[in-house]
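Trainee: Using only what follows, build the 3D model:
(2 chains)
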Amino acid sequence: MRCPGSCLALLPFLLPAHLRAQTAAATGAIVEGEVVNAATSVPIAGAHLKLDPGQGEPLYLKSDAEGRFLFRNVALASYSVSVEAPGFLRPTYPLYLDLTGPRQSSICPATGCGHAPADPFDISADADGTPHARISIPLTAYAVVTGKVTDPDGVALEGWTVQILVKQPVPKTGNSGSFANPLPGGRDEINTKASAVTNDKGEFRAARLEPGTYYLMATKPAFAATESRYRATYYPHTLDVASAKTLELAAGDRASANIQIAGRSGIRIGGHLEMPAATEDAGSPSRYSILVLAPKDDHLAGTYGPVAVLKDEYEFNDVLPGSYILMAVTREASGDPFGGSHKAVFGLMRSIETGDSDRNVGDLVLQPVRDLAGTVNFGRGCGPLPVTIHASSSSPIGGGQVEAASGADGTFVLRGLGVGSYTVSLSRPGQFVQAASMRLGDRDVAAEGFESPLLNDEPLRIDVACGSSGGRR
Amino acid sequence: MRSCFLLLILPAMAAAQAGTAAVNPAVEGDVVNSVTGAPVAGAYVAGGDAAGTKTDAAGHFRLAAGVRSYIPLEVMHAGFLRRRRQILRRDGQPASNLRIELTPAAIITGKIVDEEGLPVETQIWAEQYSEVKGEKKLGAIATAQSDDLGQYRLTNLAAGRYWIRAGSGSAGSWDRRYVGKYYPGTLKADDNGQIEVEAGRERDGVDIRLTKYEGVTVSGRVERPAATAASRPFSPIYLEADPPNMETLFGREQRDGSFTIRHVPPGDYILRASFADGEPKAGDLLGEQKLRIGDADERDILLKPQVLQAVDLAGMVALKGGGNPSPVRIMLSLANGRGASVLPNADGSFVLKGLLPGHYEVRVMPDMKFVNGGVDVRNLYGTSYPVSAQYGEKEVLETGIDLDGPAAGPLRIALDAYIQIDGKLLSGSGEPMAGVLLAVESGEALGKCCMAFADAEGTFRLMVRHSGEYHIYLESDSGDAGAPDYFKKHEGDFPVLRVADGPNPPLTVRLPAAQAQR
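Mentor: Model (predicted):
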């Protein structure tokens, strides 16, 4: 539609808010800056910038040949600022621009937002009063690792995951990631930073890597059978992290790393399962048992199983020497397709050390899986509040989360536990509740968690101090 | 469909059969390239619980399967389609001279770029048409991710025709005007975009350039029931393509209840405000509205979430011609896999409880029995099948039930009894053998076929719906029931079975001598 001259005057009112702002110099700000290579300070031409006000349309711009950009007539609002340039990492911290305040500044406190500078934008007023924000944005060129994963005979392996790992000091306080792998000596651990999956030619490409020192490890496909001799293998061809090679990657590096999977035969571990003697109907035909053998420390090495129990016998083949936890669960199959997961009725967790020869673990007597009853106790002056008690487990044989709500008297029962190590936490709608202590008998469950099946009916006692959030009235 | 069913059932069957095993020699055979006939070296042959093995330079393998009488053989090699084949051995019977053909996979590669030619990291789908309830629909067969260079590689494709779709991915999260596209650059799949690939061939250069699309603005207001207004947080607003295509547009309810979603391409959508954590359940607030978006903005939409009310649906199940209904489970299921199921009382009455509003499929299944934790394969069908389901005045067995608010009357389900044929499966030398039989009615849709599992004694029970002529197929060793020409190719393997109404004489199915050796 063409607009006759007379309606041009109406144009400002028909335009979206931010465009209107651009036509009214007095209400707009200038945002300018440059995008540079963090390592070399060389300007980055053609970097894409976005000022996103959240509601409404973002502003887009590209840096020029000198890496410079200039937004004019920017509406006085707050923006999140994004920068993208092919081959470069995005800024590792969020960039905010707040043009609403009397003295415009970023929302970060004086100490800064994480790695972010406290005040990434330098905001001042021009002679005519126009707010003027300036920034220099350094970007780091990312490194890329490509390579091929082959079996011991040189045949390409498809669907293997290549983990890109970094060595980090073990955090002094708090928890490591649940899949952090401690290194010998106890000072460092290995964490997964990125991963890539091999294609039909066995090739992988892991991009967007920060400069750093990396280990590589190829792990088995999760959903396809592989030869049991084949092991999760460190680059270039070793099962032992101590003899693994590292890759030193500088900004912008392109490295090649081929991994040849190591084949090593292991031993057979077998035994016999027994249901609890006192239980009625222990041999019900709708019950079935599965077992796994999970390495205690080396999470990357992978878990053996699950194996099904044929009659009462089980076996794991090609198990490497090491420390494991053997977990078994007996479930009750249900004919109801909407009946949820099959209920765990019996279970067992046992530590097992394996050596160089086949081993018969002997009879494993399963224990009934019990519910866990307990109470939540509030400190003086804050009345009992209903809270939700969560118990969660990442057990390889049916982890997950169960929860219970505490009643008016603070009592609760956690039902439907599986087999595995559980951690306990509390919540109220919309807030986190910190427990002062959680004890099961004389054990500190807050620190250690608990293992299911529980061996007795000891209650879980949770104390919530009055000062903690959620406990306050 | 059928081979999928088999795959689901057979692991359970393994459990069922585990008890009948005795000492067996190895499973031996050769793996060859189905196109060239050349041996495939280094292929991995997995045998379920048995330790797997690799083919040698001549493509030969020998699997030490121990005492197992049922072996779900899986043969794989990078660059070939994975092949599954079930081996059922009678006690003491060897399985040798197996010839297993691996088909080289077809591959499609390309690059996804934005309007400026810059790489886009996104998900790519290879889609094919299939018939769902008489309607041709595109569905994803394979998926891949484009890398930081925008390059993707769709592998493990069977030969055939594909439509390639790229999601908006990193381009869309940078600028919401970018939308997903089909190759070569259309919003909807069209015939010009189809890619035909042959086994073992790589089709490259299937590049898609994503473009920005201004689209229209969808805006309105969420009006919640007064009682719940204060107690819930603001809802995210979802605009999901109908049928879903994995690309959902988002908005957010503002303090005044308004919402705006910009840059919506034309098409059919479901607009949804959900206050539920995860899957909606009774008591949750949910607002849904179908929308057809064209070239004009959709403003002033009033989305009125309602508290989800669960309803109970009572019904009766009865056997045609009287008699006790066989033990069945009545199931109502939603497209998302949720629903309810119930075992009727002795008089056939039942109540399905806790049904949320939605479109439900009506299914009647035999009450599954378990053996050693696996499904009892002798009882896969029960003794009867549904012939009608009346909901109020309507017949709903094929169409399903739309539930919204109070139930409109009882659900009356009529069953008819199967015709049973008991029989024995024999090898070429007259030995009883275990196996899986299919009986397919001549001239009928394949969906009406039934399976029977012969145990180690070779005995089986076939259940068919009508009298007439049936072809018999043996699934145990020929594999490949999924191949389009399978039924044509094998319809002469056994003599035609003539089924009469009422009692039928025992049936003996005997393998030809040559096939028994395979």
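
Trainee: Run a quick neighbour tally on the residue of chain A found nearest chain B.
Mentor: Residue nearest to chain B within chain A (C-beta to the nearest C-beta): residue A:288, separated by 2.2 Å. Just so you know, the C-beta spots here come from the backbone N, C-alpha and C atoms, and that holds for glycine as well. A count of neighbours around residue A:288, defined by other C-beta atoms under 10 Å in any protein chain shown, yields 21.

Trainee: For chain A, which residues score under the pLDDT cut-off?
Mentor: A:1-27, A:101-119, A:172-180, A:277-285, A:299, A:310-311, A:381-384, A:429-432, A:466-473 (pLDDT under 70).

Trainee: in it, which spans are helices?
Mentor: Secondary structure of chain A (DSSP state H): helices located at A:11-14, A:17-23, A:445-448.

Trainee: do the stretch 51-200 of chain B as well
Mentor: Using DSSP state H, counting those that start in this stretch, the helices found in the stretch 51-200 of chain B span residues B:169-174.

Trainee: ok, which residues in it are in contact with chain A?
Mentor: Residues of the stretch 51-200 of chain B found near chain A (C-beta under 8 Å from any C-beta of the partner chain) are B:51-54, B:74, B:76-79, B:82, B:105, B:107, B:118-119, B:147-149, B:153, B:155-156, B:174-175.

Trainee: Just the ones of these in strands?
Mentor: B:51-54, B:74, B:76, B:107, B:153, B:155-156 (DSSP state E).

Trainee: which among these end up buried?
Mentor: Burial by neighbour count, 16 or more other C-beta atoms under 10 Å in any protein chain shown: within these this picks out B:51-54, B:74, B:76, B:107, B:153, B:155-156.

Trainee: one step back: so what's the residue of chain A closest to chain B bridging to?
Mentor: Beta bridges link residue A:288 to residue A:331 when assigned by DSSP bridges.

Trainee: What of residue A:75?
Mentor: For residue A:75, the beta-bridge partners are residue A:28 (DSSP bridges).

Trainee: How much space separates it from residue B:419?
Mentor: To residue B:419, residue A:75 is 77 Å away according to C-beta to C-beta, to the nearest Å.

Trainee: try residue B:163
Mentor: Distance of residue B:163 to residue B:419, given as C-beta to C-beta: 43 Å.

Trainee: end-to-end on stretch A:206-213?
Mentor: 14 Å (C-alpha to C-alpha, to the nearest Å).

Trainee: List the contacts of it.
Mentor: Applying C-beta atoms under 8 Å, 6 or more residues apart in numbering or on different chains, the external contacts of stretch A:206-213 come out as A:89, A:92, A:140, A:142-146, A:162, A:164, A:166-167, A:193-196, A:246-251, A:253, B:147-149.

Trainee: Contacts only, for residue B:118.
Mentor: Residues in contact with residue B:118 (C-beta under 8 Å, 6+ apart) are A:86, B:150.

Trainee: Return the distance of it relative to residue A:140.
Mentor: Residue B:118 is 19 Å from residue A:140, where distance means C-beta to C-beta.

Trainee: now residue B:192
Mentor: For residue B:192, the distance to residue A:140 - C-beta to C-beta - is 43 Å.

Trainee: which of residue B:163 and residue B:419 has more neighbours?
Mentor: Neighbours per residue (other C-beta under 10 Å) separate residue B:163 from residue B:419, with residue B:163 holding more: 22 against 18.

Trainee: Touching, that one and residue B:139? I think so.
Mentor: No: Residue B:163 is beyond contact range of residue B:139, at 10.2 Å (criterion: C-beta atoms under 8 Å).
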